[in-house]
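Q: sequence-free structure coming up:
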């Protein structure tokens, strides 16, 4: 790009800024950075809300049938008879459970990991001025916002929000007499369209807008992770949209896509034409929802690789193995979905097929984790907050991943299916896994977005407390699950306990019941220790320590080679890329890091 | 910095942004309709033998609609070729023809929908005998309704349970109920309202086939409407861009055309699957 | 169009008028083929090919040929860029996986659909 042209476009941008009002600058913005921050703040609030639902449910599990202190009367006022006397009713418990899953996955973690970090960081890392389709990007956020509103309103409908679990298995979800399920489906269709627009945009941006010299094998691993994630969303979500439309037809027009002939409801034959297939819903749901697991984890892995290299001051060990493993995961994740369906009786041959593919997909996952561990070898590690979260991610995700292996075998799954073991497994992947990576990402990119650091001391307090309480919450669940505790029991298993069924084989041991109290206290403490993070996050916007330069972490990737915060259009001068993403501690170089856009290795890397 | 490659192709990929974008979008559309087709197959394979209808839909109308969509596909591609040859007047003609085709398609489709929605299955009970009548509603009074029997009908689980099925097993059950088949007589049937036990039109609720028929064609019709709105915009106010940025305008016509061809492509499969097989 | 079937216009630039003009002739031929294909599909549905499965196969083969003509020539897939091919090949693979694996599992489960309706 010509220099004269550059100054022209720069001044044009400055002019553009002045004429933008508050609404077009901060609310209906088409700038990828503003949209990223909008996504980030909205999804963090949804995460808190979804966590809050579980906080209330944990009271019912620890102390079944007793009024919830403080929040009980509020719930009764808001939701009426569903929380009569401040006690959580079974229906309310079911709808909170279903909405906890839905909100955490579709409104919390995916928008934060994919849309928020992806939107803010990807165009900067590839040296692009914005996303390819800025207006679609804005539409994507507002569809997401609308979908969230629809989900929230459903709590106040007569009958309450959806109660069929986040998986919404039909016929159960279809026949529960609440309009909440219809709203859930409408909300899901909005969210799916939102993520579809996002996925098209990310793929087009990464393919088309890479800066000159940014070849495929020079992309930061975070960009690769977002690329594969976008591809999963693009192709896996539409079948769920089709399934959602069909369940909507069942709900609204009384069709029988998922309702079999001769379906009995409460002892009466249902007034439906029948001929539908309950298995079809599960196929279409898990065709999305298994790739969705990788949508949850891959952006986290991307964030981890960036922070790891930056704080070890070493290139990543085996960059190509990482990228190829990522592709193997993306490819295989489409043909493992029915390992969620071993219990449906779909046949032993097909179970064996899916068991095989499931175990094969663990290979690239282990390669990625191994690459990260080997990268640590011989590094001189900087232990700042984001690095602590990253290191914890490696171990916690390791636990989550390895405990998934038994679930992949169909004969072991027959026993563990739908037990607390499953809950512990996927929460280890997503909560201390992905969410720790996201906290690390917040600490790492915060200075770029705001020009100020988050407080490191309170960051450490937040980290250590979160780490301890996460494990107090989720580790006992493994033993509960192996003891035979089913995942959707409203009273925490009290009715199935050994105390209630003396001498009965298979009754839940006292230890499993008592664990409920420990887990609940752990969960509430975990909630309390998020307060330092919230205060730190808000306070630092205005009062945090100012950054000394545009590249405070001395990083190599392009997002740090821009002004802080980056202006509309991102780069003052269009960058040209000369090298790979992680050139740290290159022998003979003047500094221990060489930015991707620096041509001369001998020159001292500029910090601004 | 401005966003590059909005008009001209990037060298290494050979594509401009919107072209890549529309293909990515179409890839996801393939999965959307693919899931619905897999639902169709699963429902059909799982249906009680003999209850999946053949020839329920109007084949001449369906064929006509197929031809209409093919014509529109040709006019769409000719519209784009006209712009490539800088013949704006010709483009206008072809673009207008496409819109007319879209309208014809939707009108024919709505007639077909109406035909199904006025087609009824009526269960009556006179004394202890059940009858199942099937036909188009031609007259509706306070105390009685009049049906015109239809040559093609569906066998629902309900009708089979009352002994009106496609199989000999159904005839056996009919003897038990002492009922007999009425739908094969081609004269008007008058039914007293007081005897009606159950009455249901051939809407999506009636049968799994109708459910997938309405869902697939409904979603397809929404795509037709969406595509037509975009093309009407380019035909009307959007055409101003030809004067200021003809290359980008040509790209836009190409993109909307690609979407339109995809809609045609879906119909090419829908037609035999729903009308003929 | 950067591609052309006739070698005489093969050298022309991406905006060549002749190129497009020769394409137009091709579009009309394909229009004819698609119309014939539609009529053949309808006629074939009245012919008994031995079993209903064979009739389905014949109808789907004709539909696939028509789809190839639309995608290949109207959508210019016959001469598209590698990136688009890569996207579509991946999509086709996952589409096939969705269809095939879903159907594979449907057989034992279809037993539950054969229960009779009890009024």
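A: All right, it came through fine. Remember, it's a predicted structure, so these values are computed and weren't measured experimentally.
Q: ok, how many other residues are close to the residue of the stretch 301-450 of chain A found nearest chain C?
A: Proximity to chain C, evaluated over the stretch 301-450 of chain A using CB to the nearest CB, is greatest for residue A:346 at 3.9 Å. C-beta: built from backbone N, CA, C; applies to glycine. Neighbourhood size, residue A:346 [other CB atoms under 10 Å in any protein chain shown]: 23.
Q: Helix or strand for residue 44, just tell me which one.
A: All of this is about chain A. When elements are defined using DSSP states H and E, residue A:44 is found to belong to helix A:32-62.
Q: my question was about chain B
A: Using DSSP H and E, the secondary-structure element containing residue B:44 is helix B:17-46.
Q: How about the contacts made by residue 205?
A: By default, I'm working from chain A. Residue A:205 makes contacts with A:122, A:123, A:126, A:128, A:131, A:132, as judged by CB atoms under 8 Å, 6 or more residues apart in numbering or on different chains.
Q: wrong one, I was asking about chain B
A: Contact criterion CB under 8 Å, 6+ apart gives A:253, A:254, A:255, A:256, A:272, A:273, B:211 as the residues in contact with residue B:205.
Q: ok, now residue A:540?
A: A:446, A:450, A:452, A:453, A:454, A:455 are the contacts of residue A:540 under CB under 8 Å, 6+ apart.
Q: could you redo the last one with a cut-off of 7 Å?
A: A:446, A:452, A:453, A:454, A:455 (CB atoms under 7 Å, 6 or more residues apart in numbering or on different chains).
Q: And for the fourth one, the neighbour number?
A: Spelled out, it's residue A:454. Neighbour count for residue A:454, taken as other CB under 10 Å: 23.
Q: how far away is the closest residue to the residue of the stretch 301-450 of chain A closest to chain C other than its chain neighbours from residue B:63?
A: If the residues on either side of it in the chain are set aside, residue A:346 comes closest to residue C:105, at 3.9 Å by CB to CB, 6 or more residues apart in numbering or on different chains. Separation of residue C:105 from residue B:63 (CB to CB, to the nearest Å): 35 Å.
Q: more crowded one of those two?
A: residue C:105 (25 against 17).
Q: Tell me who's in contact with that one.
A: Counted by CB under 7 Å, 6+ apart, residue C:105 has contacts A:279, A:338, A:346, A:347, A:350.
Q: what does the stretch 1-150 of chain B put close to chain A?
A: Applying CB under 7 Å from any CB of the partner chain, one finds that the stretch 1-150 of chain B approaches chain A through B:1-5, B:10, B:13, B:17, B:20-21, B:24-25, B:27-28, B:31-32, B:35-36, B:39, B:42-43, B:46-47.
Q: Let me know the helix or strand that residue B:191 is in.
A: Taking DSSP H and E as the definition, one finds residue B:191 inside strand B:189-192.
Q: Can you show me the strands along chain A?
A: Assigned by DSSP state E, chain A shows strands spanning A:264-265, A:268-269.
Q: In CSV, list those along with distance to residue C:94 and mean pLDDT.
A: As requested, these are arranged in CSV below (distance: least, CB to CB, whole Å; pLDDT from 0 to 100):
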stretch, distance to residue C:94, mean pLDDT
strand A:264-265, 36, 88
strand A:268-269, 39, 86
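Q: could those strands go into JSON lines alongside mean neighbour count and distance to residue A:143?
A: Conversion of the strands of chain A to JSON lines gives the following (neighbours: other CB atoms under 10 Å in any protein chain shown; distance: least, CB to CB, whole Å):
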{"stretch": "strand A:264-265", "mean neighbour count": "12", "distance to residue A:143": "34"}
{"stretch": "strand A:268-269", "mean neighbour count": "12", "distance to residue A:143": "40"}
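Q: need those in CSV with distance to residue C:37, can you?
A: Written out in CSV, the entries for the strands of chain A read as follows (distance: least, CB to CB, whole Å):
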stretch, distance to residue C:37
strand A:264-265, 47
strand A:268-269, 45
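Q: which residues does residue A:144 contact?
A: A:111, A:191, A:194.
Q: Quick check: it vs chain B, distance?
A: Residue A:144 sits 17 Å away from chain B when distances are taken as CB to the nearest CB, to the nearest Å.
Q: Equivalent analysis for residue A:527, please.
A: Applying CB to the nearest CB to residue A:527 and chain B gives a distance of 38 Å.
Q: Can you get me a residue count around the closest residue in space to that residue that isn't next to it in sequence?
A: Distances taken as CB to CB, 6+ apart place residue A:55 nearest to residue A:527, at 5.5 Å, with adjacent residues excluded. Residue A:55 is flanked by 18 other residues according to other CB under 10 Å.
Q: so what's the residue positioned nearest the centre of chain A up against?
A: When CA atoms, centre = their mean is applied to chain A, the residue found nearest the centroid is residue A:109 (2.6 Å). With CB under 7 Å, 6+ apart as the criterion, the residues that contact residue A:109 are A:296, A:430, A:434, A:435.
Q: Disregarding flanking residues, what is the spatial nearest neighbour of the second one?
A: The spatial neighbour of residue A:430 that comes closest, neighbours along the chain excluded (CB to CB, 6+ apart), is residue A:296 at 5.5 Å.
Q: Please report how far the one you found lies from residue B:130.
A: The separation that residue A:296 has from residue B:130, given CB to CB, amounts to 54 Å.
Q: What of residue A:313?
A: Looking at residue A:313 against residue B:130, where the rule is CB to CB, the gap reads 84 Å.
Q: same thing with residue B:115?
A: As it turns out, when the distance is counted by CB to CB, residue B:115 lies 27 Å from residue B:130.
Q: Repeat that for residue A:104.
A: Using CB to CB, we find residue A:104 at a distance of 52 Å from residue B:130.
Q: Compare those two (neighbour count), which wins?
A: For residue A:104 against residue B:130, the residue with the higher neighbour count under other CB under 10 Å is residue A:104, and the figures read 24 against 21.
Q: wait, what's in contact with the residue nearest to residue A:430?
A: In this structure, residue A:296 makes contact with A:109, A:110, A:113, A:430, A:434, judged by CB under 7 Å, 6+ apart.
Q: next one: residue C:67
A: Shown here is residue C:67, whose contacts under the criterion CB under 7 Å, 6+ apart are B:265, B:268, B:269.
Q: Specify the angle between the strand or helix carrying it and helix B:17-46 in degrees.
A: If you go by DSSP H and E, residue C:67 is part of helix C:52-69. Angle between the axes of helix C:52-69 and helix B:17-46 is 170 degrees (criterion: axes from the mean of the first three to the mean of the last three CA atoms, to 10 degrees).
Q: Tell me the buried residues in helix C:52-69?
A: Of the residues in helix C:52-69, those scored as buried under the neighbour-count criterion (16 or more other CB atoms under 10 Å in any protein chain shown) are C:55, C:56, C:58, C:59, C:60, C:62, C:63, C:66, C:67, C:69.
Q: so what's the fifth one closest to, chain neighbours aside?
A: Read that as residue C:60. Sequence neighbours aside, residue B:272 is the residue nearest to residue C:60 in space, at 7.1 Å (criterion: CB to CB, 6+ apart).
Q: Report how many residues lie close to the one you found.
A: Neighbouring residues of residue B:272 were enumerated by other CB under 10 Å; the total is 24.
Q: I am finished for the moment; much appreciated.
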